[in-house]
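[1] Model the following, please.
(chains A and B)
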Amino acid sequence: MDSANYLYLSALLFTIGAVGVVIRRNAIVVFMCIELMLNAANLSFVTFSRINGNLEGQVVAFFTMVVAACEVVVGLAIIVTIYRSRRSASVDDANLLKR
Amino acid sequence: MTSNLIVYLIAIPLFSSAALLLAGRKANKWGHLLGTLASASSFGVGAYLFTQMLAQPAEERAMTQKLFTWISVGSFNVDASLLLDQLSICFVLLITGVGTLIHIYSISYMSHDLDRRRFFAYLNLFIASMLLLVLGDSYLNLYVGWEGVGLASYLLIGFWNQKPTYATAAKKAFVMNRVGDLGLSLAIMIAFASMGTVSFAGIEEAAPKASTTTLTAIGIMLLIAAAGKSAQFPLQAWLGDAMAGPTPVSALIHAATMVTAGVYLITRSNFIFDAAPTAQLLVVIVGAITLLFGAVIGTAKDDIKKALAASTMSQIGYMTLAAGLGPAGYAFAIMHLLTHGFFKAGMFLGAGSVMHGMNDEVNMRKYGALRKFMPITFITFGLGYLAIIGVPPFAGFYSKDMIIETALNAGGIKGILLGSITLFGAGLTAFYMTRVMILTFTGTKRWDDDVHPHESPILMWLPMAILAIGSVVSGYLFTRGDALVHWLEPVVAAHEHGEHTYLLPPIVVSGLALTMVLIGVSIAVMMYVRRPVENVAPESVSALTKIVRQDLLQDAANEAIFMRPGQALTKTLIAVDEKVIDGAVHGVGTMAIGSGSGLRKSQTGYVRTYSALILVGAAAIVLGIWVITQ
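    Residues are numbered from 1 along each chain as shown, chains lettered A, B, ... in the order given. All right, here's what the predicted structure looks like:
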């Protein structure tokens, strides 16, 4: 199978994630879209690793997973805290940091 | 010859002044005594040094004392040294002698003033500064005293500064003096730049080698300095207002001593002026203008102190004129200065005595017939009057006659012109002084009912009497055998009497001068004895009189030429500062604020907006990289 197909898939996933981040209001969904974008990137790394025949891409993919895991911990904590105080998981309600 | 005593002349009044100022109210009881004692001790030291000088042969009379090295930078050395020579000792004795008398007078005159101690502290400060001025052996040392005198004058003119007009008068005197001071500092700078030294001896040595242009520049700057301190044209306007100070101050500072500093400066700098004919000519012109200017102002003044102030201006004009006539005139300038010191101080004290008895009234139109009530003041003032108008054998006759004679013999048209001016000035002097005498002491009484004129206490009339004796005999003493001329010979280049071809024989000159005096007196008698004197100044007078009453528009001229353009310049500069400089600073700030508030609108607080912007930004960067690498 042509490796380029993996890249197309990666691009598709990334685009879905990006659009989701921009248009969705639910914080959990936005969060999942971010994960989607990260994993799309991971897929590209791994694919390039395979195309080039070395391990560097795979190593970076592991790093990304570690970062993503940390991000989930922090991000979920924030979302839960906001939900507790505002009774809402909409990102548009948390708009105090303006002007 | 060196002497360790010279410094005590200055140190005694200086320490007394410091003590009086620092001791505060505790010294109120004895402050005036300490001040008088300090001045008297200084006079004692001066008299002792004078006897020492007399014992020496003429060429070895100058004494010096080095106090400490003041400035030592590379090849530039200035010692704080004192020089007491034949010229300085004249001033030392005048300052401390007349000064002590005025201290004694002030004890009584200021006895009701709560601040008498402070007054004496300032008087002592003045004495110390003036002595430093005449004793410094370099222009830089002189400058210190020069500024000190200006300060003391400011403090004393504004002594009653609770009155705003008095405070303004003090400020006016100070500012106009500063203009002169600028001339002195520039003269010192030019001298240092061109000759590398600022001491009298050093410059005297270097002067023959210096270019005439340099010497002329120094001379003109020194003339400006002298004009400021001595109230000479065009810096004369402060003297009349300086009468705001207590009368003893007017007597000491604005008649007998401080205002003579300019004459001292010119005489001391004779080596410069003798080598710079242009500057010397300017000195003569300034002297001649001021002589007439002061005399004309004096004719229309109703305020007794201001009339005397105008007269001071005029008399110092005589001295300046004489000093500008070169070696022929220096000695006569100093002689007139000394005799003037006696009679003018005496008359000012007399004016103070009159004011004392008249509830501080200064308007002569409210006096009249005081001869009967103040006989001693009348006699002492009268002797001073006879001296100033130049009636023989009183002091002013000798000194003024010598100046007129020297002016007439200056040669050519200059001599005739100067001679006529000095003669005319003598006539004017006789007129306005006779007017003062008549208005104050004779005629009918014009004062209000609540005024009870009385003779002043002995502490006041004794100094007046001593000064009156001085104004009677000093002229004769100075001229007997040309005593003062020979005494000053080693300092100012010698002038042998009789080497000139005389335009007119001396006896004719004296006759002319006396005729002028007689005319002046007669006109005054006709105007003020024959006709009754009104107790308010008449309004229906000629335009000329009105102008003269406004001091020949000197203040208006100063305001038009310097004050208003100066204010306009200041306003322009303020506008430039506020609009351009502040505008630039504020502009930068406003720009930052503006751009900030513009960009702030992009901060919506919506996470989705931010993420969209990040996305667009990242896409733009990727696109950019792609375009560049393609």
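[2] how deep is the closest residue to B:Asp551 other than its chain neighbours tucked in, by neighbour count?
    Excluding its sequence neighbours, the residue lying closest to B:Asp551 (C-beta to C-beta, 6 or more residues apart in numbering or on different chains) is B:Ile297, at 5.3 Å. The way it works is simple: take the backbone N, C-alpha and C, and place the C-beta from them, glycine included. Residues within reach of B:Ile297, counting by other C-beta atoms under 10 Å in any protein chain shown, total 27.
[3] got the buried residues for the helix or strand harbouring B:Ile297?
    Counting by DSSP states H and E, the element that carries B:Ile297 is helix B:277-298. Using 16 or more other C-beta atoms under 10 Å in any protein chain shown as the test for burial, helix B:277-298 gives B:279-280, B:282-298.
[4] same deal with stretch A:15-27?
    Within stretch A:15-27, the residues that count as buried by 16+ other C-beta under 10 Å are A:Gly17, A:Ala18, A:Gly20, A:Val21, A:Val22, A:Arg24, A:Ala27.
[5] Sort out for me which of the residues you listed are in strands.
    The members of those all map outside strands under DSSP state E.
[6] List, out of these, those positioned next to chain B.
    Within the set of those, contact with chain B (C-beta under 8 Å from any C-beta of the partner chain) is found for A:Ala18, A:Val21, A:Val22.
[7] Farthest-apart pair in the buried residues of stretch A:15-27, please.
    Based on C-beta to C-beta, the longest span within the buried residues of stretch A:15-27 runs between A:Ala18 and A:Ala27 and measures 16.4 Å.
[8] related to what we said a few turns ago, TSV please, covering the buried residues of stretch A:15-27 and showing pLDDT.
    Output for these, formatted as TSV (pLDDT from 0 to 100):
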residue	pLDDT
A:Gly17	93
A:Ala18	91
A:Gly20	91
A:Val21	90
A:Val22	89
A:Arg24	89
A:Ala27	89
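[9] Which members of the residues you listed are positioned in helices?
    Counting by DSSP state H, the buried residues of stretch A:15-27 place A:Gly17, A:Ala18, A:Gly20, A:Val21, A:Val22, A:Ala27 in helices.
[10] And stretch B:20-37, what's buried?
    B:Leu20, B:Leu21, B:Ala27, B:Gly31, B:His32, B:Leu34, B:Gly35, B:Thr36, B:Leu37.
[11] Name the nearest of those relative to chain A.
    Within the buried residues of stretch B:20-37, proximity to chain A (C-beta to the nearest C-beta) peaks at B:Leu21, which comes in at 63.2 Å.
[12] Name the nearest residue to that closest one, sequence neighbours excluded.
    Closest residue to B:Leu21 apart from its sequence neighbours, by C-beta to C-beta, 6+ apart: B:Ala121 at 4.7 Å.
[13] tell me, how many neighbours does that neighbour end up with?
    By other C-beta under 10 Å, 27 other residues sit near B:Ala121.
[14] Check which helices and strands the helix or strand in which it is found is in contact with.
    Per DSSP H and E, B:Ala121 falls inside helix B:116-135. When contacts are defined as 3 or more C-beta pairs under 8 Å, 6 or more residues apart in numbering or on different chains; DSSP states H and E, helix B:116-135 sits against helix B:6-23, helix B:31-55, strand B:76-84, helix B:86-109, helix B:139-157, helix B:261-268.
[15] Follow the chain on from the helix or strand that B:Tyr432 is a member of and name the next helix or strand.
    Using DSSP H and E, B:Tyr432 falls within helix B:412-441. As assigned by DSSP H and E, the chain's next helix or strand after helix B:412-441 is helix B:458-479.
[16] wait, which of the helices and strands packed on helix B:116-135 is closest to B:Leu462?
    helix B:86-109 (6.9 Å).
[17] quick one: average confidence on the closest one?
    Average pLDDT, helix B:86-109: 89.
[18] and the angle for it with helix B:6-23?
    30 degrees (axes from the mean of the first three to the mean of the last three C-alpha atoms, to 10 degrees).
[19] what angle separates helix B:86-109 from helix B:261-268?
    Angle of helix B:86-109 versus helix B:261-268, following the same axes, to 10 degrees, is 170 degrees.
[20] could you say what helices and strands helix B:86-109 packs with?
    helix B:31-55, helix B:116-135, helix B:247-251, helix B:261-268, helix B:330-357, helix B:458-479, helix B:483-488.
[21] who in chain A is up against chain B?
    A:18, A:21-23, A:25, A:30, A:91-92, A:94-99.
[22] With respect to per-residue confidence, which of those residues is lowest?
    A:Arg99 (54).
[23] contacting residues around A:Arg86?
    A:Asp93, A:Ala94 (C-beta atoms under 8 Å, 6 or more residues apart in numbering or on different chains).
[24] Quick check: the residue of chain A nearest chain B.
    Using C-beta to the nearest C-beta, the single residue of chain A nearest to chain B is A:Lys98, 2.9 Å away.
[25] what about the residue of the stretch 401-550 of chain B found nearest chain A, how many residues close to it?
    The nearest approach of the stretch 401-550 of chain B to chain A comes at B:Gln550, 67.7 Å away (C-beta to the nearest C-beta). Burial of B:Gln550 is recorded as 13 neighbouring residues (other C-beta under 10 Å).
[26] So it sits against B:Ala556, correct?
    Yes: at 6.9 Å, B:Gln550 counts as touching B:Ala556 under the criterion of C-beta atoms under 8 Å.
[27] re the thing from before, could you export the helices and strands packed on helix B:86-109 as a markdown table, including mean pLDDT?
    Putting the helices and strands packed on helix B:86-109 into a markdown table (pLDDT from 0 to 100) gives the following:
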| stretch | mean pLDDT |
| --- | --- |
| helix B:31-55 | 90 |
| helix B:116-135 | 90 |
| helix B:247-251 | 88 |
| helix B:261-268 | 90 |
| helix B:330-357 | 88 |
| helix B:458-479 | 86 |
| helix B:483-488 | 80 |
